[in-house]
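Peer 1: Sharing a sequence plus its predicted fold:
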Amino acid sequence: MVKLVIRDKESIQEAVRRFRKLVERSGLKREMRRREHFEKPSETKRRARLRTVYKIKLLQKHANEGIVR
């Protein structure tokens with residue numbers, strides 16, 4: 001949970017800006033989007049596997065470029 005204490009002489013715009021930054025840094029926004037629709041456990045595992053494969057391919061690509069140069 002994100003809590004924000006409004007400072008003395010702080011405008012509403014500044015407080016809203018600080019609140020948005022707090023929400024973004026806490027990961028609350030990302031979590032809400034992730035939970036917006038139910039995702040089956042198999043879909044979660046599949047996405048994680050595909051993310052891993054993508055990272056491996058990307059690392060291999062960068063490693064191969066380093067050897068060629």
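Peer 2: Received it, and whenever you're ready, just let me know what you need.
Peer 1: From here on, just use CA atoms for contacts and neighbour counts.
Peer 2: Noted.
Peer 1: Okay, domains of this structure per the record?
Peer 2: Using automatic domain parsing, the domain ranges for the chain come out as 9-38, 39-69.
Peer 1: nearest to residue 2, of those domains?
Peer 2: domain 9-38 (6.6 Å; Cα to Cα).
Peer 1: If you count neighbours, what's buried in that closest one?
Peer 2: Neighbour-count burial for domain 9-38 flags residue 19 (criterion: 16 or more other Cα atoms under 10 Å).
Peer 1: now do the same end-to-end measure for that domain.
Peer 2: One end of domain 9-38 sits 43 Å from the other (Cα to Cα, to the nearest Å).
Peer 1: returning to what we had before: confidence-wise, which of the domains of the chain is weakest overall?
Peer 2: Among those, domain 39-69 carries the lowest mean pLDDT, a mean of 90.
Peer 1: How much space separates residue 50 from residue 24?
Peer 2: Distance from residue 50 to residue 24, by Cα to Cα: 26 Å.
Peer 1: wait, residue 51
Peer 2: 23 Å.
Peer 1: Over to residue 36?
Peer 2: Residue 36 is 17 Å from residue 24, by Cα to Cα.
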